[in-house]
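Engineer: here's my sequence, what's the structure:
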Amino acid sequence: MLEFIVANLPMVICFLVGIGLMVLECFLPGFGLPGISGVVLEVISVAMAWNNHGPLAALGMTLIVLSVIALVISITLKSISSGKLSKSPIVLNHRESTEEGYRSSDDQQVFLGKEGVTTTVLRPTGMAEFDGVKLNVVSEGEFIQQNTPVRIIEVEGSRILVRAI
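Structural biologist: Model (predicted):
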């Protein structure tokens, strides 16, 4: 057995380093260099086995490599869903809700029903001023001239819908 390992040292090194790199890929976030390098080294070791010992040895190594790849994929999927990666600071597992005080943008609902004046032409979007605050607004589709009185009739997220008075 020792003579076999010594005689085929490059093939054995490629095989073991390839497996090590694929296992390392399980614990590093993302799909990157270790996984690709591991697969390339495994292909090289199978090619060496074919060249030195024939197709039967290459088939045996291919089965071992495929088993290791299947094991690595299953460990990675388990790690992503319930293991180390799901508890990683990279993965956000806390929901930021409005009940806890988080907002994705300023709350524009306070302007609902307010009246103001357009500061630019609305085609159908533009600017209008309400109580000294300039806002990006959208008309209901019609063209509204500058300095026209408008009322906010709907607020949906950051979209503010106005109608000419």
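Engineer: helices of this structure, residue ranges please.
Structural biologist: 2-7, 9-27, 33-53, 55-82 (DSSP state H).
Engineer: quick check: buried residues in the longest one?
Structural biologist: In other words, helix 55-82. By 16 or more other Cβ atoms under 10 Å, the buried positions in helix 55-82 come out as 57-58, 61-62, 64-65, 68-69, 72, 75-76, 79. From N, CA and C alone the C-beta is placed, and that goes for glycine too.
Engineer: ditto for the second one
Structural biologist: Judged by neighbour count using 16+ other Cβ under 10 Å, the buried positions of helix 9-27 are 11, 14-15, 18-19, 21-23, 25-26.
Engineer: farthest-apart pair in the buried residues of helix 55-82, please.
Structural biologist: 57 and 79 (32.5 Å; Cβ to Cβ).
Engineer: quick revisit: in CSV, list the buried residues of helix 55-82 along with pLDDT and distance to residue 47.
Structural biologist: Output for the buried residues of helix 55-82, formatted as CSV (pLDDT from 0 to 100; distance: Cβ to Cβ, whole Å):
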residue, pLDDT, distance to residue 47
57, 82, 11
58, 84, 8
61, 81, 9
62, 85, 10
64, 84, 14
65, 80, 11
68, 78, 17
69, 79, 16
72, 74, 20
75, 75, 26
76, 70, 26
79, 69, 30
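Engineer: quick one: which of those residues is nearest residue 32?
Structural biologist: Ranked by distance to residue 32 (Cβ to Cβ), the buried residues of helix 55-82 are led by residue 76 at 12.3 Å.
Engineer: which one is the closest one nearest to, not counting chain neighbours?
Structural biologist: residue 26 (4.8 Å; Cβ to Cβ, 6 or more residues apart in numbering).
Engineer: residue 119 too?
Structural biologist: Nearest non-adjacent residue to residue 119, counting by Cβ to Cβ, 6+ apart: residue 127, 4.6 Å away.
Engineer: okay, and the beta partners of the one you found?
Structural biologist: residue 136 (DSSP bridges).
Engineer: and for it, the neighbour number?
Structural biologist: 14 (other Cβ atoms under 10 Å).
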